[in-house]
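what would the 3D arrangement of this be:
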Amino acid sequence: VEMTDRGEPGVDDSIGINLTDSSGALLYSSNWIVTSTEEMTLAGGNIVVHSGFSTALPEANQGDQPIFSLSTDQNPFEGFGEVDLESDDKSSMVIYSVYDGNNKLIFTKMLPPDKKFSFGENVRSGMYIVKVQQGNQVDQIRMIKN
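This next block holds a predicted model:
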(Lines give C-alpha, C1' and ligand atoms only; values in the text may rest on other atoms or scores of the structure.)
Protein backbone atom coordinates (compact mmCIF):
# COMPACT_ATOMS: atom_id res chain seq x y z
CA VAL A 1 0.00 0.00 0.00
CA GLU A 2 1.32 3.41 -0.95
CA MET A 3 -0.41 6.47 0.45
CA THR A 4 0.20 10.18 0.77
CA ASP A 5 -1.16 12.21 3.68
CA ARG A 6 -1.27 15.84 2.58
CA GLY A 7 -2.50 17.14 5.94
CA GLU A 8 -5.89 18.31 7.14
CA PRO A 9 -8.65 18.22 6.00
CA GLY A 10 -7.46 15.46 3.63
CA VAL A 11 -8.81 16.88 0.36
CA ASP A 12 -5.75 15.85 -1.68
CA ASP A 13 -4.85 12.61 0.14
CA SER A 14 -4.15 9.68 -2.18
CA ILE A 15 -3.72 5.90 -2.04
CA GLY A 16 -2.59 3.05 -4.30
CA ILE A 17 -2.98 -0.65 -3.51
CA ASN A 18 -1.12 -3.66 -4.94
CA LEU A 19 -1.81 -7.30 -4.05
CA THR A 20 1.05 -9.68 -4.83
CA ASP A 21 1.67 -13.37 -4.22
CA SER A 22 4.68 -14.68 -2.27
CA SER A 23 6.87 -14.59 -5.41
CA GLY A 24 6.04 -10.92 -6.04
CA ALA A 25 3.69 -11.51 -9.00
CA LEU A 26 0.99 -8.85 -9.19
CA LEU A 27 -2.52 -10.22 -8.53
CA TYR A 28 -4.41 -6.93 -8.17
CA SER A 29 -3.79 -3.22 -8.69
CA SER A 30 -6.18 -0.46 -7.65
CA ASN A 31 -5.09 1.80 -10.55
CA TRP A 32 -2.68 0.19 -13.05
CA ILE A 33 -1.26 2.73 -15.51
CA VAL A 34 1.11 1.27 -18.17
CA THR A 35 3.80 -0.19 -15.86
CA SER A 36 2.88 0.70 -12.28
CA THR A 37 0.10 1.42 -9.82
CA GLU A 38 -0.61 5.13 -9.62
CA GLU A 39 -2.03 6.61 -6.44
CA MET A 40 -5.61 7.88 -6.72
CA THR A 41 -6.90 10.99 -4.95
CA LEU A 42 -9.62 10.15 -2.42
CA ALA A 43 -13.13 11.24 -3.36
CA GLY A 44 -13.86 11.78 0.33
CA GLY A 45 -12.44 11.06 3.74
CA ASN A 46 -9.00 11.66 5.16
CA ILE A 47 -5.90 9.46 5.37
CA VAL A 48 -4.03 9.92 8.63
CA VAL A 49 -0.56 8.35 8.73
CA HIS A 50 1.07 7.77 12.12
CA SER A 51 4.81 7.26 12.08
CA GLY A 52 5.07 4.98 15.11
CA PHE A 53 4.69 1.23 15.23
CA SER A 54 4.82 -1.44 17.88
CA THR A 55 6.70 -4.72 17.90
CA ALA A 56 4.84 -5.89 21.00
CA LEU A 57 2.85 -9.08 20.67
CA PRO A 58 -0.89 -8.84 21.23
CA GLU A 59 -1.95 -9.91 24.67
CA ALA A 60 -3.64 -13.28 25.02
CA ASN A 61 -7.38 -13.29 25.58
CA GLN A 62 -7.87 -12.91 29.32
CA GLY A 63 -11.50 -14.00 29.20
CA ASP A 64 -12.86 -10.44 29.10
CA GLN A 65 -13.07 -10.35 25.29
CA PRO A 66 -15.35 -12.67 23.33
CA ILE A 67 -13.61 -15.18 21.09
CA PHE A 68 -14.30 -14.39 17.42
CA SER A 69 -11.68 -15.26 14.81
CA LEU A 70 -11.59 -16.39 11.19
CA SER A 71 -9.17 -18.67 9.38
CA THR A 72 -8.85 -20.78 6.26
CA ASP A 73 -6.55 -23.64 5.27
CA GLN A 74 -7.13 -23.07 1.55
CA ASN A 75 -5.89 -19.70 0.33
CA PRO A 76 -5.61 -19.46 -2.60
CA PHE A 77 -8.20 -22.14 -3.32
CA GLU A 78 -9.41 -24.20 -6.26
CA GLY A 79 -13.11 -25.00 -6.60
CA PHE A 80 -14.36 -24.31 -3.08
CA GLY A 81 -12.85 -22.28 -0.24
CA GLU A 82 -13.88 -22.72 3.39
CA VAL A 83 -13.91 -20.16 6.19
CA ASP A 84 -13.49 -21.47 9.73
CA LEU A 85 -15.06 -19.44 12.52
CA GLU A 86 -13.95 -19.80 16.13
CA SER A 87 -16.53 -18.18 18.39
CA ASP A 88 -17.62 -18.64 21.97
CA ASP A 89 -21.20 -17.73 20.90
CA LYS A 90 -22.72 -21.13 20.14
CA SER A 91 -26.33 -19.94 19.65
CA SER A 92 -26.44 -16.82 17.44
CA MET A 93 -26.71 -17.27 13.67
CA VAL A 94 -23.71 -16.22 11.56
CA ILE A 95 -24.05 -14.04 8.45
CA TYR A 96 -21.44 -14.57 5.71
CA SER A 97 -21.27 -11.89 2.98
CA VAL A 98 -18.99 -12.34 -0.04
CA TYR A 99 -17.70 -9.27 -1.92
CA ASP A 100 -15.68 -9.23 -5.14
CA GLY A 101 -12.48 -7.21 -5.76
CA ASN A 102 -14.57 -4.13 -6.59
CA ASN A 103 -16.37 -4.36 -3.22
CA LYS A 104 -19.60 -5.49 -4.93
CA LEU A 105 -21.75 -7.82 -2.82
CA ILE A 106 -21.92 -11.21 -4.57
CA PHE A 107 -24.10 -13.09 -2.09
CA THR A 108 -25.00 -13.51 1.58
CA LYS A 109 -25.63 -16.71 3.51
CA MET A 110 -26.83 -17.26 7.08
CA LEU A 111 -25.69 -20.38 8.95
CA PRO A 112 -25.76 -21.76 12.48
CA PRO A 113 -22.41 -21.28 14.26
CA ASP A 114 -21.56 -24.99 14.09
CA LYS A 115 -21.77 -25.13 10.24
CA LYS A 116 -18.76 -24.43 8.01
CA PHE A 117 -19.11 -21.80 5.29
CA SER A 118 -17.80 -22.58 1.81
CA PHE A 119 -18.08 -20.80 -1.52
CA GLY A 120 -16.56 -20.88 -4.98
CA GLU A 121 -18.93 -22.81 -7.23
CA ASN A 122 -20.45 -19.80 -9.01
CA VAL A 123 -17.57 -17.30 -8.82
CA ARG A 124 -14.72 -16.56 -11.20
CA SER A 125 -11.03 -16.57 -10.37
CA GLY A 126 -10.07 -13.48 -8.37
CA MET A 127 -9.88 -11.89 -4.95
CA TYR A 128 -12.88 -11.97 -2.61
CA ILE A 129 -13.61 -10.51 0.82
CA VAL A 130 -15.72 -12.67 3.12
CA LYS A 131 -17.32 -10.54 5.84
CA VAL A 132 -18.57 -12.51 8.84
CA GLN A 133 -20.99 -11.15 11.42
CA GLN A 134 -22.36 -12.79 14.54
CA GLY A 135 -24.28 -10.49 16.86
CA ASN A 136 -22.07 -7.43 17.46
CA GLN A 137 -18.90 -9.24 16.32
CA VAL A 138 -17.66 -8.55 12.76
CA ASP A 139 -14.50 -9.66 10.97
CA GLN A 140 -13.40 -10.30 7.40
CA ILE A 141 -10.95 -12.46 5.52
CA ARG A 142 -9.49 -12.07 2.02
CA MET A 143 -9.59 -15.14 -0.17
CA ILE A 144 -8.26 -15.78 -3.66
CA LYS A 145 -9.77 -18.26 -6.10
CA ASN A 146 -7.38 -19.61 -8.72
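
so, low pLDDT: which residues of the chain?
For the chain, the stretches flagged by pLDDT under 70 are 1-3, 5, 7, 48-64.

at 80 what do you get?
Along the chain, segments meeting pLDDT under 80 span 1-13, 22-24, 34-35, 42-66.

now do the strands in it.
In the chain, the strands defined using DSSP state E lie at 2-4, 14-16, 18-20, 26-29, 32-33, 36-37, 40-41, 68-71, 81-87, 94-99, 105-111, 117-119, 126-134, 137-145.

closest one to residue 47 among these?
Nearest of the strands of the chain to residue 47, taken as C-beta to C-beta: strand 2-4 at 5.3 Å. The way it works is simple: take the backbone N, C-alpha and C, and place the C-beta from them, glycine included.

before we move on, the earlier item: make TSV out of the strands of the chain and add mean neighbour count and distance to residue 47.
Below are the strands of the chain laid out as TSV (neighbours: other C-beta atoms under 10 Å; distance: least, C-beta to C-beta, whole Å):
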stretch	mean neighbour count	distance to residue 47
strand 2-4	13	5
strand 14-16	17	6
strand 18-20	14	17
strand 26-29	14	18
strand 32-33	11	20
strand 36-37	15	16
strand 40-41	12	11
strand 68-71	15	26
strand 81-87	18	29
strand 94-99	19	22
strand 105-111	13	25
strand 117-119	19	32
strand 126-134	18	20
strand 137-145	17	20
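
next, residue 75: phi, psi?
The phi/psi pair for residue 75 (degrees, to the nearest 10) reads phi -150, psi 110.

just give the number of residues close to it.
Counted with other C-beta atoms under 10 Å, the neighbours of residue 75 add up to 14.

contacting residues for it?
By C-beta atoms under 8 Å, 6 or more residues apart in numbering, the contact set of residue 75 is 81, 142, 143, 144.
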